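# structure, please.
(chains A and B)
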Amino acid sequence: MTSAANDKAPSHLDNAGNTNNVHGRSMQIQRSADDAYTIAIQDGFALLDVAIDEQRLKQALRDDSCGALATFEGWVRNHNNASEVERLTYYGYENLAINQGREIIAEAKRRFEITHAVAIHRIGALDIGDMAVWIGVVSAHRYPAFDACRWILDTIKAEIPVWKQEYYEHESSKWLSNNG
Amino acid sequence: MTMTLNILYFASLADEAGCDQETVTVTPPITLPELFAQLNEKHNFSRPQSQLRVALNENFANWEVRLCDGDNVAFIPPVAGG
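The predicted model follows:
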């Protein structure tokens, strides 16, 4: 096998010991934020690398035939078990996430009697309290909206190619995983 | 006759490979597990293949899928979204 690295030369640790060089691309989206919103509203899912405008998403879900809107917001928490979290960074494989997210929303529409659903996951450096994910589901009646929202969240956590690196007060940073 | 593949790495795999992308030239026939094994020899990944998923051309695939010239292959470590 012969190979060529397309990224910059190694020394992927900067002076602070951060691996920003090899992860730079996966900390940002390639599309514009507007394109990301359009894709999410139309097909159900996108990644964003700036603060999520949940009002914009909520507005896009407005539908007079729907009596229920169920939403979920995921916030960055200040602790992970016993460790004090200072901040974290999410990384993503944008195109795979969009493709897989589209399938998740389509599957949600097959499983639950809902009219539409939209979800966005934020990537990049986030502070405590920042919103990492927003999910909204509209349906004629309430139970499908609650149930689909929960199912979409669980499935996003299981399948979407997003990774998290947490930074702690008193320990070195580490890569987290949802299922160890 | 050789095949050129574009390999993408993320998270801990990118740390260990020292890059987020590399182009490799291989001689078919080669399966995805064999490809990973060769890359593993080079980069000495801490996770075995059994802990990874694989994506081909921006969609999840199973490890039995056939590779074609010009394919984008991404090895996906355990995800941590939400």
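# okay, CA-based contacts and neighbour counts for the rest of this
Noted.
# sec struct for the closest residue to A:Thr71 other than its chain neighbours, please.
If you skip the residues right next to it in sequence, A:Thr71 has A:Gly136 as its closest partner in space, 4.3 Å away by CA to CA, 6 or more residues apart in numbering or on different chains. Here A:Gly136 is strand, with the state taken from DSSP: H, G, I helix; E, B strand; the rest coil.
# where does the prediction get shaky in chain A?
Along chain A, segments meeting pLDDT under 70 span A:2-20, A:179-180.
# correction: the previous question concerned chain B.
Short version for chain B, where the test is pLDDT under 70: none.
# contact residues of it facing chain A?
Residues of chain B lying close to chain A by CA under 8 Å from any CA of the partner chain are B:10-12, B:14-15, B:18-27, B:38, B:55, B:58-60, B:76, B:78-82.
# please enumerate the helices of chain B.
For chain B, helices defined by DSSP state H occupy the ranges B:11-17, B:32-43.
# format these as TSV; extra columns: mean neighbour count.
Shown next, in TSV, are those (neighbours: other CA atoms under 10 Å in any protein chain shown):
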stretch	mean neighbour count
helix B:11-17	22
helix B:32-43	15
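# and those helices: which comes nearest A:Ile105?
Closest approach to A:Ile105 among the helices of chain B (CA to CA): helix B:11-17, 25.4 Å.
# just checking, what packs against that closest one?
When contacts are defined as 3 or more CA pairs under 8 Å, 6 or more residues apart in numbering or on different chains; DSSP states H and E, helix B:11-17 sits against helix A:20-23.
# so which other helices or strands are in contact with the helix or strand just after the helix it packs on?
As assigned by DSSP states H and E, the chain's next helix or strand after helix A:20-23 is helix A:33-43. The criterion is 3+ CA pairs under 8 Å, 6+ apart, and the helices and strands that helix A:33-43 contacts are strand A:45-48, helix A:54-61, strand A:116-122.
# what's the shortest one in contact with?
The set of residues external to strand A:45-48 that reach it, using CA atoms under 8 Å, 6 or more residues apart in numbering or on different chains, is A:28-29, A:33, A:36-37, A:39-40, A:92, A:94, A:97-98, A:101-102, A:105, A:118-123.
# are any of these buried, and which?
With burial judged by 16 or more other CA atoms under 10 Å in any protein chain shown, the buried subset of the contacts of strand A:45-48 is A:28-29, A:33, A:36-37, A:39-40, A:92, A:94, A:97-98, A:101-102, A:105, A:118-123.
# follow-up on the earlier one: of all the helices and strands packed on helix A:33-43, which one comes closest to B:Thr2?
If you check each of the helices and strands packed on helix A:33-43 against B:Thr2 by CA to CA, strand A:45-48 wins as the nearest, at 35.6 Å.
# show me the contacts for the spatially most central residue of chain A.
The centre of chain A sits closest to A:His121, judged by CA atoms, centre = their mean, with a distance of 2.0 Å. Listed by CA under 8 Å, 6+ apart, the contact partners of A:His121 are A:46-48, A:132-134, B:81-82.
# if it is in a bridge, with which residues?
Beta-bridge partners of A:His121, counted by DSSP bridges, are A:Leu47, A:Val133.
# do the same with the one 5 residues further on
When assigned by DSSP bridges, A:Leu126 has beta-bridge partners A:Leu88.
# might one say that it is in contact with A:Val85?
No: counting by CA atoms under 8 Å, no contact exists between A:Leu126 and A:Val85, whose distance comes to 11.2 Å.
# tell me where chain B has strands.
B:3-8, B:21-26, B:53-56, B:59-61, B:72-76 (DSSP state E).
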